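Student: Take this sequence and fold it.
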Amino acid sequence: MPIPTNSTEVNVVGATVPFFKETIDGIDIYYFDTSATEPPVPMINAMAGLNLVTKTSKLIMINHKMPTKLLENLENTYKITKETLTNGNAKVTFETKI
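Tutor: Coordinates of the predicted model:
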C-alpha cells in the first residue's frame, strides 16, 4: 500500500521520515512509511505520529514487519488494527480508544 497520491506532506515534530495527510469523511488520516528503515527509526516515527491521533484522526504506519514490541506497549492506549500487505509489509492503524 503506497501512500495515497492525493495526500499532502505534513511536518511532524520529531519525525525522521515524511508524513502525509488526507481527509476522508471528516477524518484526518496520517501516513508514514518506515518499511525501508531499521530500528529504532520505526519506533521514533510511530511515537512522533501518535501525537496526531485524536477522536477525528488516525495514524497509519507501513513497516517491513509487524512492530510487535511497539504494539505490546501501546495496545492499552490505542485501538490497533494490523494487516499484512500483499508485498509482505505490515500496515498498522492507530486510533484513539476514547
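
Student: Now do the lowest-mean-pLDDT helix or strand in the chain: distance to the chain's middle.
Tutor: In the chain, the helix or strand scored least confidently by mean pLDDT, DSSP states H and E is helix 68-74, which has a mean of 93. From the chain centre to the centre of helix 68-74 is a distance of 13 Å (Cα atoms, centre = their mean, to the nearest Å).

Student: Quick check: buried residues in the helix or strand following it?
Tutor: Where DSSP states H and E defines the elements, the next helix or strand beyond helix 68-74 is strand 78-84. Neighbour-count burial for strand 78-84, with 16 or more other Cβ atoms under 10 Å as criterion, is recorded at Tyr78. From N, CA and C alone the C-beta is placed, and that goes for glycine too.

Student: still on that earlier bit, by contact count, what packs against the least confident helix or strand of the chain?
Tutor: Judged by 3 or more Cβ pairs under 8 Å, 6 or more residues apart in numbering; DSSP states H and E, helix 68-74 is in contact with helix 41-50, strand 78-84.

Student: Give me the sheet partners of the shortest one and which way each runs.
Tutor: Paired strands of strand 78-84, with direction, are strand 90-96 (antiparallel) (DSSP bridges).

Student: got the angle between the partner strand and helix 41-50?
Tutor: 30 degrees (axes from the mean of the first three to the mean of the last three Cα atoms, to 10 degrees).

Student: Name the residues of strand 90-96 that are buried.
Tutor: 90-95.

Student: Let me know the closest of the residues you listed to Ser35.
Tutor: Ala90 (8.2 Å; Cβ to Cβ).

Student: The closest residue in space to that closest one that isn't next to it in sequence and Glu9, how far apart?
Tutor: Sequence neighbours aside, Met66 is the residue nearest to Ala90 in space, at 4.4 Å (criterion: Cβ to Cβ, 6 or more residues apart in numbering). Distance of Met66 to Glu9, given as Cβ to Cβ, to the nearest Å: 26 Å.
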